[in-house]
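> Sequence and predicted structure, then a few things I'm wondering about:
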Amino acid sequence: MSDPISRNNPILPGATLGMLGSGQLGRMFAIAARRLGYRVHVFSPDCNTPTGQVADLEIQADYLDLDRVSEFARGVDVVSYEFENVPAGTTEACSRFSPVRPACSVLFTSQNRLREKTFLRDAGLPVTPFVAVRSLAELVTGLERNGVPAVLKTADWGYDGKGQVVIRSLDAASSAWSGLNVPHAILESFIDFDSELSVVGARGSDGEFVSYGPIGNSHSNHILDVSVCPARVSDRVTENAIEITRAVFEKLGVVGVLCVEFFLTKSGELLINETAPRPHNSGHLTIDAHVTCQFEQQVRAICGLPLGSGALRSPSAMANLLGDVWESGQPDWTAALKYPDLKLHLYGKQEARAGRKMGHLTALAENVDVAERTARAARDALRRAGFQTQK
Ligand code: AMP
């Protein structure tokens, strides 16, 4: 169907927004949407989900059940998604009844690493050097050409370092290929980076653009661990990262929110690692530290409303709370809440598994060093605090 939403014809509060996917990103979107007076319907294969707990309606069905998908899309005024692995057929089915934002074409490009990197490279944007790999022979050729170490990643369904392996010698090619066990992969040069950065952006239907960051990210076991904003980088790197992000939005034609993750090399060059056409874990600190957070921008952008200010209210640091924090039982939350400039966010997940994102802490301070120290100290205090008896 044609897309009628624009700044002249916005979807106003009171309307119903549809979300595909029901994790924490959908939850924080739903909270922002409901604060603005919208209704939210969420669609996913699960029930009692982080998003479903705060939505007006939770629909539990398979993404490939296109009858249910169509029914969901008929019941909402616009559809968005909170993770890249929503099947392309699902968003296509939605688009017959309701506008999908960012557009299905954006999702299609970003949900496959090869399509994404090829698109960005062909658009003249800086990406990590890569080759497509469909067989062991192609892998060996790629390694011979680009050298080791290198990173072999599945083309589809990868996130948080899942489906990837570092290859340090040619001898390791065969076991890496059989271990990955997929028909299509991407072989990237291993970047000995100085740091990892991200820029979260939002673009309205009239091309208005707002960005956050760059945000400085550190990972642990390939999962985001701590983010700080502003990142500790020069003005030149900041301007460059924002300009590249703006170009990604323009080239892809994104209306909505998208995050660009970068490697900053030791020589000061920015290389795009990946993009995600949705709010991003590194942008969670915008909830407490910025005038308008990434989730409210998602609502505004997909509804054709003016974007809010992305101005920074305070330097901040975010520390993820993974399932590991629950190792010895329910943490004693007071151990973190005694820090007055710290905000606790929990996602309502029933089961705490190691590596599962359960919540996060955001600390505000006069500079990012103090904020980071506070966020880490509060998280350590939670780990130490151990059990809190639940009545
Ligand atoms: P990804 O799932 O592609 O975001 O990768 C997760 C993490 O693995 C990144 O945040 C990096 O820390 C690391 N990584 C991924 N690709 C590379 C690469 N080409 N060179 C060095 N480190 C990488």
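Received the coordinates, thanks.

> State the phi and psi torsions of residue 287.
When read as degrees, to the nearest 10, the backbone of residue 287 gives phi -60, psi -40.

> tally of neighbours for the nearest residue to it once chain neighbours are set aside?
Of all residues not flanking residue 287 in the chain, residue 293 sits nearest, at 4.3 Å (C-beta to C-beta, 6 or more residues apart in numbering). In this view, the C-beta of every residue, glycine as well, is placed from N, C-alpha and C. Using other C-beta atoms under 10 Å, residue 293 has 24 neighbouring residues.

> Tell me where the model's unsure across the stretch 51-200 of the chain.
158-161 (pLDDT under 70).

> Recalculate using a threshold of 80.
The model of the stretch 51-200 of the chain has pLDDT under 80 over residues 157-162.

> hey, where'd the strands end up in it?
Under the criterion DSSP state E, counting those that start in this stretch, strands of the stretch 51-200 of the chain are mapped to 57-60, 78-81, 130-133, 150-154, 164-167, 185-189, 195-203.

> and the third one, anywhere near the ligand?
Yep, that's strand 130-133 we're talking about. No. Using C-beta under 6 Å from any ligand atom, strand 130-133 stays clear of the ligand, with a minimum separation of 8.2 Å.

> Let me see the residues that make contact with that strand.
The contact list for strand 130-133, computed with C-beta atoms under 8 Å, 6 or more residues apart in numbering, reads 114, 117, 138-139, 142, 145-146, 152, 155, 177, 184-189.

> can I assume residue 226 is in contact with residue 373?
No. Counting by C-beta atoms under 8 Å, residue 373 is not a contact partner of residue 226; they are 10.6 Å apart.

> Give me the common contacts of the two.
With C-beta under 8 Å, 6+ apart, residue 226 and residue 373 have no common neighbours.

> returning to what we had before: any idea how far the residue nearest to residue 287 is from residue 164?
Distance, residue 293 to residue 164, using C-beta to C-beta, to the nearest Å: 30 Å.

> circling back: any chance of JSON lines for the strands of the stretch 51-200 of the chain, columns mean neighbour count?
Formatted as JSON lines, the strands of the stretch 51-200 of the chain follow (neighbours: other C-beta atoms under 10 Å):
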{"stretch": "strand 57-60", "mean neighbour count": "17"}
{"stretch": "strand 78-81", "mean neighbour count": "27"}
{"stretch": "strand 130-133", "mean neighbour count": "20"}
{"stretch": "strand 150-154", "mean neighbour count": "22"}
{"stretch": "strand 164-167", "mean neighbour count": "18"}
{"stretch": "strand 185-189", "mean neighbour count": "23"}
{"stretch": "strand 195-203", "mean neighbour count": "26"}
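
> just to revisit the earlier point, kindly identify which of the contacts of strand 130-133 also come near the ligand.
For the ligand, the contacts drawn from the contacts of strand 130-133 by C-beta under 6 Å from any ligand atom are residue 188.

> and which of the contacts of strand 130-133 is nearest to residue 259?
Proximity of these to residue 259 (C-beta to C-beta) peaks at residue 117, which lies at 15.7 Å.

> Now do the same for residue 389: its pLDDT.
pLDDT recorded at residue 389 is 49.

> what about residue 184, neighbour count?
14.

> what's near enough to touch the residue positioned nearest the centre of the chain?
By C-alpha atoms, centre = their mean, the chain has its centre lying nearest to residue 280, at 2.8 Å. Listed by C-beta under 8 Å, 6+ apart, the contact set of residue 280 reads 198, 200, 259, 261, 294.

> Can you add distance to the ligand and give those residues back as a markdown table?
Listed next are the contacts of residue 280 as a markdown table, based on distance: C-beta to the nearest ligand atom, whole Å:
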| residue | distance to the ligand |
| --- | --- |
| 198 | 9 |
| 200 | 15 |
| 259 | 11 |
| 261 | 6 |
| 294 | 18 |
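
> okay, among those residues, which ones form the most distant pair?
Distance extremes for the contacts of residue 280: the farthest pair is 261 and 294 at 14.2 Å, using C-beta to C-beta.

> Comparing these two, which shows the higher neighbour count?
Set residue 261 next to residue 294 and count neighbours by other C-beta under 10 Å: residue 294 wins out with 28 against 20.
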